[in-house]
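Engineer: requesting a structural model of the entry that follows:
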Amino acid sequence: MGGRDPHERHRAATPLELFFDLTFVIAFGVAGTQFAHEIAEAHYGAGLLGFSFSMFAVIWAWINFTWFASAYDTDDWVFRVVTMVQMLGVLVLAMGIEPLFHSLVEGRHVDNAVIVAGYVIMRLALVFQWLRAARQDPARRQTCLRYATYLGVVQLGWIAVLIIQADVLPTILMTVPLYALEMATPYVADVHCGPPGMRTTSPNATACWPSSPSANA
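Structural biologist: From the prediction side, this is the model:
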């Protein structure tokens with residue numbers, strides 16, 4: 001598993017990647033339908049809150065998978081199996097969107113267990129991918145390990161959110177810091193080395209990346 005050349009031309013999406021995207025279409029569709037329903041019922045606050053929570057989980061998980069696959073697109077059986085696990089996580093997440101909206105409208109504890117479980121499944125699968133990249137791409141090992149470590153630690157926070165049954169305000173207070181940590185992970189992990197698996201012009205990158213990415217293995 002080596003880095004992909006960022007200057008590679010005519011790199012087309014694989015059938016698995018297209019199928020992976022299709023599972024996200026399902027999640028987008030469920031979230032959009034629930035949001036439209038709540039707006040039609042004049043539940044503006046609950047609808048916007050549920051849609052925002054759902055969209056962060058869906059979009060951020062998709063961006064991170066795409067980021068990894070763009071750097072390490074080794075299309076072997078392990079990559080495919082782990083991608084299918086992530087697809088399962090997307091479907092679990094999609095099943096949790098409707099209960100989340102309903103709990104926000106009813107004003108009881110936020111029913112986010114299923115949606116968070118799906119998100120954690122996707123993220124832990126990505127942690128495995130980073131650990132595999134660290135093992136098979138020695139030149140970029142430290143950056144890959146930082147990604148895996150930071151992602152793993154943040155998932156402990158999401159598991160706590162999954163377990164704790166809280167009302168809207170406590171849930172927001174728990175999730176906002178996790179949002180920040182999730183979005184800070186890519187910057188903190190590769191701030192010295194540039195994007196994993198890709199050529200970089202950063203003056204600090206010479207100790208992290210070779211002059212050109214290695215061939216996929």
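Engineer: so how far is Gly89 from the residue sitting nearest the centre point of the chain?
Structural biologist: Central residue check for the chain by CA atoms, centre = their mean: the C-alpha nearest the mean position is that of Ala61, 2.2 Å away. In this structure, Ala61 lies at 8 Å from Gly89, with CB to CB, to the nearest Å as the measure. Where C-beta positions appear, they are placed from N, C-alpha and C, glycine not excepted.
Engineer: and if you look at Trp77?
Structural biologist: To Gly89, Trp77 is 19 Å away according to CB to CB.
Engineer: find residues that contact each of Ala61 and Gly89.
Structural biologist: Common contacts of Ala61 and Gly89 (CB atoms under 8 Å, 6 or more residues apart in numbering): 119, 122-123.
Engineer: follow-up on the earlier one: show me the contacts for the residue nearest to the centre of the chain.
Structural biologist: Contacts were defined as CB under 8 Å, 6+ apart; by that measure Ala61 touches 86, 89-90, 93, 119, 122-123.
Engineer: go on, Phe35?
Structural biologist: 47-48, 50-51, 101.
Engineer: can you flag the buried ones in the residues you listed?
Structural biologist: Neighbour-count burial (16 or more other CB atoms under 10 Å) applied to the contacts of Phe35 gives 47, 50-51, 101.
Engineer: tabulate these (CSV), appending distance to Ala148.
Structural biologist: As requested, those are arranged in CSV below (distance: CB to CB, whole Å):
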residue, distance to Ala148
Gly47, 36
Gly50, 31
Phe51, 30
Phe101, 33
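Engineer: and of those, the nearest to Val168?
Structural biologist: Using CB to CB, Gly50 is the member of the buried ones among the contacts of Phe35 that lies nearest Val168, at 10.4 Å.
Engineer: chain neighbours aside, what residue packs nearest to the closest one?
Structural biologist: By the measure of CB to CB, 6 or more residues apart in numbering, the closest residue to Gly50 outside its immediate chain neighbours is Phe101, 4.2 Å from it.
Engineer: what strand or helix carries that neighbour?
Structural biologist: Take DSSP states H and E as the rule and Phe101 turns out to sit in helix 77-106.
Engineer: distance from that helix to the middle of the chain?
Structural biologist: The chain centroid and the centroid of helix 77-106 are separated by 11 Å, computed with CA atoms, centre = their mean, to the nearest Å.
Engineer: for that helix, buried residues please.
Structural biologist: By neighbour count, and taking 16+ other CB under 10 Å as the criterion, the buried residues in helix 77-106 are 79, 83, 86-87, 89-90, 92-101, 103-105.
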